[in-house]
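Colleague: sequence isn't available, so here's the structure alone:
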């Protein structure tokens, strides 16, 4: 009986070790931008990341900052009430993107400008990403959307 328990214990530890090695192997070969961190405009202004780091930034599109340039490049400023960061994006913006609206962008900082490769906007009139809500609440500028005529 004692030999059987020892053999089972060795088998279980061997399988657990193989699984751990497999997970570490997968993590090692993930692309460098697989782990994108969320930052608020205040965090970016306080300590700007280096130009090779891909991250997500979110907040509200600052009123009066949206400029549609020549071609497909659009510039605007994203703010959380504490700081504003200039953003440049080349491409087609989501339908519900606009000034005063919540957004999340993926990209990197280049010469003090966040160059976005992807822009996400809310998918309906009341939705805002949880990360953006938390950041706006920290700054004390979050205003909850209307609950509707019954609420």
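Modeller: Cool, got the structure. Keep in mind that what you see is a predicted model, and the values were worked out from it rather than measured. Numbering: from 1, shown residues only.

Colleague: only C-alpha atoms for contact and neighbour calcs from this point on.
Modeller: Will do.

Colleague: what mean pLDDT does stretch 64-71 have?
Modeller: Stretch 64-71 carries an average pLDDT of 80.

Colleague: and if you look at stretch 95-111?
Modeller: So the average pLDDT for stretch 95-111 ends up being 86.

Colleague: what's it in contact with?
Modeller: With CA atoms under 8 Å, 6 or more residues apart in numbering as the test, stretch 95-111 has contacts from 48-66, 114-125, 128-129, 132.

Colleague: for this structure, what spans make up the helices?
Modeller: For the chain, the helices defined by DSSP state H cover 2-28, 41-46, 130-139.

Colleague: adding distance to residue 80, mean pLDDT and mean neighbour count, write those helices out as CSV.
Modeller: As requested, the helices of the chain are exported to CSV (distance: least, CA to CA, whole Å; pLDDT from 0 to 100; neighbours: other CA atoms under 10 Å):
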stretch, distance to residue 80, mean pLDDT, mean neighbour count
helix 2-28, 33, 90, 11
helix 41-46, 6, 88, 17
helix 130-139, 6, 74, 17
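
Colleague: and of the ones you listed, who's closest to residue 77?
Modeller: Relative to residue 77, the nearest member of those by CA to CA is helix 41-46, separated by 9.5 Å.

Colleague: what is the closest one packed up against?
Modeller: Counting by 3 or more CA pairs under 8 Å, 6 or more residues apart in numbering; DSSP states H and E, the packing neighbours recorded for helix 41-46 are strand 55-61, strand 73-79, strand 84-90.
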